[in-house]
Structure formats: structure tokens, C-alpha cells
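>>> Provided below for reference: sequence and predicted model.
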Amino acid sequence: MDMEKSTDRRLRRTRDGRMIAGVCSGAGRYLGVDPNILRVGLAVFTVFGGAGVLLYAIAWLLIPEEGAPTSLAEDLIKKGQESPAVQDAVQKAKDSLNKTRTRT
């Protein structure tokens, strides 16, 4: 085992051992547990209330993939901040909110 890998203990979605996006395999590696235990847990949460799917989707967005400097959510936010259309929509929403506040 490479010393660099054993000291690098960051939560990342993995490429190897993944079934969908590598969330459970990455969390399993980080926590030192079998990823199948996490998969079963998510399946139970999904069957009893649907929370497993939501948790998985949130983790997919927030946990960066191996080798990636940022998560999908960070990339989306950055692209949105750089987009003139998004900036215009945000400004219009702020203006509308300010007009509503001044009327009351």
C-alpha cells in the first residue's frame, strides 16, 4: 500500500468499485467499512420514506470525485456566477423583492 494513499484521508467519490456515481464506495473507503453495508442502508432509507435517493443525490453533488479539485455543486455555482443570464435573473429577482418590500 502506498504511504501517500494511507495518509490522504479525504472523502471522495471513487472510480473503482462504483455502482452508480461512487458515493458508497468512496464513503466506505473513507469510513473503513464495506460499501455494501452503506448501499443496504441507503436501500432501506429509500424503501421506508424515499430518503435514501435524496441522500445519495445530495452526496453525489457535494462530494468531489477522485482527482477532481471541486464537487459538481461547486462547479455549477461557479458557472452560474459567471453566466450573464443567471446574473440578470438574480438581479431581476432582487429588484422584484425590493419592490414588494417597499409596497408593504
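Received the coordinates, thanks.

>>> and the helices in this structure?
Secondary structure of the chain by DSSP state H: the helices cover 3-7, 23-31, 35-47, 51-62, 72-82, 84-103.

>>> out of the ones you listed, which gets nearest to residue 14?
Checking the helices of the chain against residue 14 by CB to CB gives helix 23-31 as the closest, at 4.4 Å. (C-beta placed from N, C-alpha, C; glycine too.)

>>> distance of the closest residue in space to residue 22 that isn't next to it in sequence from residue 73?
Nearest residue to residue 22, sequence neighbours excluded (CB to CB, 6 or more residues apart in numbering): residue 13, at 3.7 Å. Note on residue 13: its distance to residue 73, by CB to CB, to the nearest Å, is 12 Å.

>>> so which of these two has more stuff around it?
Using other CB atoms under 10 Å as the criterion, residue 13 and residue 73 rank with residue 13 on top: 24 against 14.

>>> confidence-wise, which of the helices of the chain is weakest overall?
Per-stretch mean pLDDT for the helices of the chain is lowest at helix 3-7 (a mean of 49).

>>> circling back: out of the helices of the chain, nearest to residue 17?
helix 23-31 (4.0 Å).

>>> got the angle between the closest one and helix 51-62?
70 degrees (axes from the mean of the first three to the mean of the last three CA atoms, to 10 degrees).

>>> can you spell out which helices and strands pack onto helix 23-31?
helix 35-47, helix 51-62 (3 or more CB pairs under 8 Å, 6 or more residues apart in numbering; DSSP states H and E).

>>> circling back to that earlier point, give me whichever of the helices of the chain is most buried.
helix 23-31 (a mean of 20; mean count of other CB atoms under 10 Å).

>>> just the residues contacting that helix, thanks.
Residues from elsewhere that reach helix 23-31 (CB atoms under 8 Å, 6 or more residues apart in numbering): 9-14, 16-19, 34-39, 42, 56, 59-60, 63, 66.

>>> C-alpha coordinates for it, PDB please?
Coordinates of each C-alpha in helix 23-31 appear next as PDB, following Å, rounded to 0.1, in the frame of the first residue of the first chain:
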ATOM      1  CA  VAL A  23     -20.700   7.700  -3.400                       C
ATOM      2  CA  CYS A  24     -21.000   4.500  -1.300                       C
ATOM      3  CA  SER A  25     -17.600   3.100  -2.400                       C
ATOM      4  CA  GLY A  26     -15.900   6.400  -1.500                       C
ATOM      5  CA  ALA A  27     -17.700   6.700   1.800                       C
ATOM      6  CA  GLY A  28     -16.900   3.100   2.600                       C
ATOM      7  CA  ARG A  29     -13.200   3.700   1.900                       C
ATOM      8  CA  TYR A  30     -13.300   6.900   4.000                       C
ATOM      9  CA  LEU A  31     -15.100   5.300   6.900                       C
END
